[in-house]
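Chemist: Give the three-dimensional model of this entry:
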Amino acid sequence: MGCFRIDLTSPLELLFYGLSLLQAYRAVQLAGMIRRDWTGFRQPPLTHHKMYLVEEAAFLLAIPPSVIVHEYFHAIPIWGFGGQVVNCGYGFYWGFVQADRLFPPAQDWLISLGGTIGSLLFAAVLFLLLFKNQSQSLRYFARRSLRTLLNYTLIYYPVFSAVTFIGDWRVIYNFGATPLLSGATAVAHAALLFLFWQANRRGWFEMVGHKNQGEVVAFAQLEADWRSNPHNPTVALNYVEALRQGGAPQRAKKALAQIIAQQPTLAGAYLQLALIQTGGKRHVPQTAVKNLEKAVQLGLDTPGQRATAHQFLSQYYLDTGHGQLALQHLDAAIAALSAIPELKRNVLHTAQLYHLRSLAHQRQQQHGQARQDADQALALAQAAGDQKAITFYQREIEMLHGPNGRR
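Modeler: Here you go, the predicted structure:
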């Protein structure tokens, strides 16, 4: 537009530029990483590493061009109403345009709304260009970038305008000046938010990641088996587990809702639901605790399932200061794992349970038992030969005993 300049006297503008430059630096690094392995990035399968790169790219690489389109769609109605753009700014993840005059309320509303229309059009075009691409990675980018751009346009920016009183939405929702236009926008906005929420809840923006092509084939067969025989509890739970571990929790929840409706006493379904509810959170939420307790009450089929359920319950009680309850669940978890044949037992999982029980003993001021469990966790890590775990448990023992050999 030929109007760009930075206002060095505006602390807020300088702050925005500084934060944007940091993000832009990360974006350049990410783009370089993808470009160096462009062929591998595009080829199947869609691995968890590629999914991580796409998640980053959906924000760092998709937002900057959408901001350019957003600002031009402000400028177009300004020019259409006979005005000129006298100042503008672009900071990769934000921007602005300034007209040479004030406009009547209805025209000002359209100028402000124009940016959002441009952002939505950009999101739609980017998605349509890529959602049928042969590359799974690019198809996944189409879905995740659409989700990110819709979230940025329909939720983040309106909230930002409401909190800071800066931005287009304070003009779009100026009901005193444009009651009918603002009201119509509110209805359309609510409808788009509802559709966005539904699509997100149904897992429409998700795809399933795999380690190798063999897993891709196995998952396709598992999905076909589940669709042909959804009442088979083993197939159903294996399918949900594959969805959850593959990075599609909403699709897993949708499948679980169907499974629980058909088989309300299937304990493993409630365990899977609890694992989804806990995923990505530092603490086990109360909703997950209810499902874990229900799973235990109904009776989980395998020792591994029972150990997992009791472990998460113990973590909840540790976090909430109920050391004795945590100990009870950890005892049950360790007992469950001991029922698994030694050759099939996950040694590091067992070590983690002993470590957690050591923490629970510390909460109860039972330092002797705490030391025994800490030593057992270290011994198991050493048996597994996992240096990272060995270092961690050695550090925990040092902290337990303090500089003089006893805490």
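
Chemist: Give the burial count for Ile334, as a bare number.
Modeler: Ile334 has 19 neighbouring residues, counting by other Cβ atoms under 10 Å. (Glycine included, C-beta is placed from N, CA and C.)

Chemist: What helix or strand is it located in?
Modeler: Using DSSP states H and E, Ile334 sits in helix 323-338.

Chemist: And that helix, what's buried?
Modeler: Under the neighbour-count criterion of 16 or more other Cβ atoms under 10 Å, helix 323-338 has Gly323, Leu325, Ala326, Leu327, Gln328, His329, Leu330, Ala332, Ala333, Ile334, Ala336, Leu337 buried.

Chemist: Once you drop chain neighbours, what's closest to the second one?
Modeler: The shortest distance from Leu325 to any residue other than its chain neighbours is 4.2 Å, reached at Tyr317 (Cβ to Cβ, 6 or more residues apart in numbering).

Chemist: Equivalent analysis for the first one, please.
Modeler: Nearest residue to Gly323 in three dimensions, chain neighbours excluded: Arg363, at 3.5 Å (Cβ to Cβ, 6+ apart).

Chemist: Roughly how far does Asn238 sit from His74?
Modeler: 51 Å (Cβ to Cβ, to the nearest Å).

Chemist: of the two, who's got more company?
Modeler: His74 (25 against 17).

Chemist: So which elements touch the helix or strand hosting that one?
Modeler: Element membership of His74, judged by DSSP H and E, is helix 63-80. Packing partners of helix 63-80 (3 or more Cβ pairs under 8 Å, 6 or more residues apart in numbering; DSSP states H and E): strand 85-90, strand 95-99, helix 105-130, helix 136-151.

Chemist: and if we set it to 10 Å?
Modeler: helix 11-36, strand 85-90, strand 95-99, helix 105-130, helix 136-151 (3 or more Cβ pairs under 10 Å, 6 or more residues apart in numbering; DSSP states H and E).

Chemist: which one of these is the most hemmed in?
Modeler: helix 136-151 (a mean of 22; mean count of other Cβ atoms under 10 Å).

Chemist: Quick check, central residue of the chain?
Modeler: Geometric centre of the chain, nearest residue: Gly280, 7.2 Å, by Cα atoms, centre = their mean.

Chemist: Name the SS class of it, please.
Modeler: Following DSSP: H, G, I helix; E, B strand; the rest coil, we place Gly280 in the coil state.

Chemist: Can you give me the domain assignment for this structure?
Modeler: Under the assignment automatic domain parsing, the domains of the chain span 11-201, 213-401.

Chemist: now those in TSV, with distance to Met207?
Modeler: Converted to TSV, the domains of the chain look like this (distance: least, Cβ to Cβ, whole Å):
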stretch	distance to Met207
domain 11-201	5
domain 213-401	7
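
Chemist: got JSON lines for the ones you listed, with mean pLDDT too?
Modeler: Below are the domains of the chain laid out as JSON lines (pLDDT from 0 to 100):
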{"stretch": "domain 11-201", "mean pLDDT": "94"}
{"stretch": "domain 213-401", "mean pLDDT": "94"}
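
Chemist: The residue sitting furthest away from the middle of the chain in helix, strand or coil?
Modeler: Largest separation from the mean C-alpha position in the chain: Gly82, at 44.8 Å (Cα atoms, centre = their mean). Under three-state DSSP, Gly82 falls in the coil class.

Chemist: Settle this for me: it is touching Phe103, isn't it.
Modeler: Yes: with contacts counted by Cβ atoms under 10 Å, Gly82 reaches Phe103, the gap being 9.4 Å.

Chemist: Now do the shared contacts for these two.
Modeler: Shared contacts of Gly82 and Phe103 (Cβ atoms under 10 Å, 6 or more residues apart in numbering): none.

Chemist: Hmm, Gly209 and Gln245 touching each other?
Modeler: Yes: using Cβ under 10 Å, Gln245 is in contact with Gly209, at 8.6 Å.

Chemist: Mutual contacts of those two, please.
Modeler: Common neighbours of Gln245 and Gly209 (criterion: Cβ under 10 Å, 6+ apart): His48.

Chemist: Is it correct that the residue nearest to the centre of the chain is in contact with Arg244?
Modeler: No: using Cβ under 10 Å, Gly280 is not in contact with Arg244; the gap is 11.5 Å.

Chemist: The residue nearest to Leu325 falls within a strand, correct?
Modeler: No: secondary structure of Tyr317 (three-state DSSP): helix, not part of a strand.

Chemist: Pull the number of nearby residues for it.
Modeler: Neighbours of Tyr317 (other Cβ under 10 Å): 21.

Chemist: Quick check: buried residues in the one helix or strand Leu237 maps to?
Modeler: According to DSSP H and E, Leu237 maps onto helix 233-245. By neighbour count on 16+ other Cβ under 10 Å, the buried set for helix 233-245 is Pro233, Val235, Ala236, Leu237, Asn238, Tyr239, Val240, Glu241, Ala242, Leu243, Arg244, Gln245.
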